[in-house]
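Visitor: Let me see the structure of the following:
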Amino acid sequence: ARGRSDDRNVVIVPEVQAGRTTGLTLLHVEFREHITAAAMRGVLSGYRNRYSALKDLVSETEPLFDEERLAAFSVAELLTTPVHMLADRWRAQ
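Guide: Numbering: from 1, shown residues only. Here you go, the predicted model:
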């Protein structure tokens, strides 16, 4: 997520006791600007299955999904932008 007033990247961590959420911890984080396509695939695969979702959306209209293009996007963009918007940007490049 991004902070509404300062646009900083925020990770929201639920605090859980006995199976109930008792609070939230907000962590301000900084990401590397870019990482390799292979590393980004791993990150996206492990976070809400974003890699498969992006690949599926792009593959609806494009004959090939060139994974190497992941390296052209910023890490923050790939993690915080809605997947359908990422697919639109992918097609436009």
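Visitor: what ranges do the helices span in this protein?
Guide: Under the criterion DSSP state H, helices of the chain are mapped to 37-46, 50-59, 75-80, 83-92.
Visitor: for these, which one sits closest to F31?
Guide: Closest approach to F31 among the helices of the chain (Cβ to Cβ): helix 75-80, 4.1 Å. For the C-beta atoms, the positions are set from N, CA and C on the backbone; glycine is no exception.
Visitor: residue contacts, R91?
Guide: V58, T61, E62 (Cβ atoms under 8 Å, 6 or more residues apart in numbering).
Visitor: Nearest the middle, which residue of the chain would you pick?
Guide: When Cα atoms, centre = their mean is applied to the chain, the residue found nearest the centroid is L79 (1.7 Å).
Visitor: got a list of what that one touches?
Guide: Going by Cβ under 8 Å, 6+ apart, the list of residues near L79 reads F31, V43, L44, Y47, R50.
Visitor: Roughly how far does T81 sit from A53?
Guide: Using Cβ to Cβ, to the nearest Å, T81 is found at 12 Å from A53.
Visitor: correction: T61
Guide: Taking Cβ to Cβ, one finds T61 at 15 Å from A53.
Visitor: who's more crowded, these two?
Guide: A53 (16 against 10; other Cβ atoms under 10 Å).
Visitor: Pull the number of nearby residues for R32.
Guide: 9.
Visitor: so how far is R20 from it?
Guide: 35 Å.
Visitor: hang on, the earlier thing: possible to save the contacts of R91 as TSV with distance to A38 and pLDDT?
Guide: Output for those, formatted as TSV (distance: Cβ to Cβ, whole Å; pLDDT from 0 to 100):
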residue	distance to A38	pLDDT
V58	18	96
T61	25	94
E62	20	93
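Visitor: just for the chain, where's the confidence low?
Guide: Along the chain, no part satisfies pLDDT under 70.
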